[in-house]
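**Q** Sequence and predicted structure are below.
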Amino acid sequence: MSEKKEVLKVIYDTVDEINLELDDDKKIDKSSSTALYGGSGTLDSFELVNFIVLLEEKIDDALQKIISLTDEKALSQKNSPFRTISSLEKYIIFLLEDNSN
């Protein structure tokens with residue numbers, strides 16, 4: 001499986017687990033265009049923190065790589081990597097590639 005597919009699978013596994021805790025009207029759709037946080041995002045700040053912590057753990061378990069999604073790179077970007085599933089996927093791939101260099 002390609003790294004991109006693995007990352008997306010881990011994100012969707014995290015979505016499945018987080019959805020168990022959310023009310024039906026707040027469930028996160030598993031689509032690359034799904035808004036996660038900000039403007040039309042599904043998650044509030046507390047839910048986003050839970051999502052990020054769980055996602056980092058799942059990345060470590062599935063890919064045997066430790067990354068921090070809340071580092072200065074993420075927080076200083078003009079466009080938040082947490083806007084959509086697609087932007088989060090791209091950011092995780094960037095971090096994985098950056099950490100392997």
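**A** On my side now, so go ahead. Numbering: from 1, shown residues only.

**Q** List the contacts of residue 35.
**A** Going by CB atoms under 8 Å, 6 or more residues apart in numbering, residue 35 touches 41-42, 83-84. (C-beta placed from N, C-alpha, C; glycine too.)

**Q** which secondary structure element contains the residue nearest the centre of the chain?
**A** Taking CA atoms, centre = their mean as the criterion, residue 88 is the residue nearest the geometric centre of the chain, at 4.9 Å. Applying DSSP states H and E as the criterion places residue 88 in helix 85-100.

**Q** Could you check that helix and say which residues are buried?
**A** 85-89, 91-92, 95-96 (16 or more other CB atoms under 10 Å).

**Q** Return the distance of the least confident helix or strand in the chain by mean pLDDT from the chain's centre.
**A** When the helices and strands of the chain are compared on mean pLDDT, DSSP states H and E, helix 72-76 comes out lowest with a mean of 73. Here helix 72-76 is found 14 Å from its chain centre; the criterion is CA atoms, centre = their mean, to the nearest Å.

**Q** now do stretch 7-20
**A** A distance of 8 Å separates the centroid of the chain from that of stretch 7-20, by CA atoms, centre = their mean.

**Q** how about that stretch: buried residues?
**A** Across stretch 7-20, burial judged by 16+ other CB under 10 Å covers 7-8, 10-11, 13-15, 18-19.

**Q** And stretch 44-61, by the same measure?
**A** Applying a neighbour-count criterion of 16+ other CB under 10 Å, one finds 47-48, 51-52, 54-56, 58-59 buried in stretch 44-61.

**Q** ok, now stretch 26-43?
**A** Buried residues in stretch 26-43 (16+ other CB under 10 Å): 28, 34-37, 41-43.

**Q** Turn those into CSV, columns for secondary structure, distance to residue 77 and pLDDT.
**A** Output for these, formatted as CSV (DSSP: H, G, I helix; E, B strand; the rest coil; distance: CB to CB, whole Å; pLDDT from 0 to 100):
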residue, secondary structure, distance to residue 77, pLDDT
28, coil, 21, 96
34, coil, 19, 96
35, strand, 16, 95
36, coil, 14, 96
37, coil, 13, 92
41, coil, 16, 90
42, coil, 20, 91
43, coil, 18, 93
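
**Q** now, which of those residues sits nearest residue 2?
**A** residue 34 (21.0 Å; CB to CB).

**Q** Great, nothing more from me.
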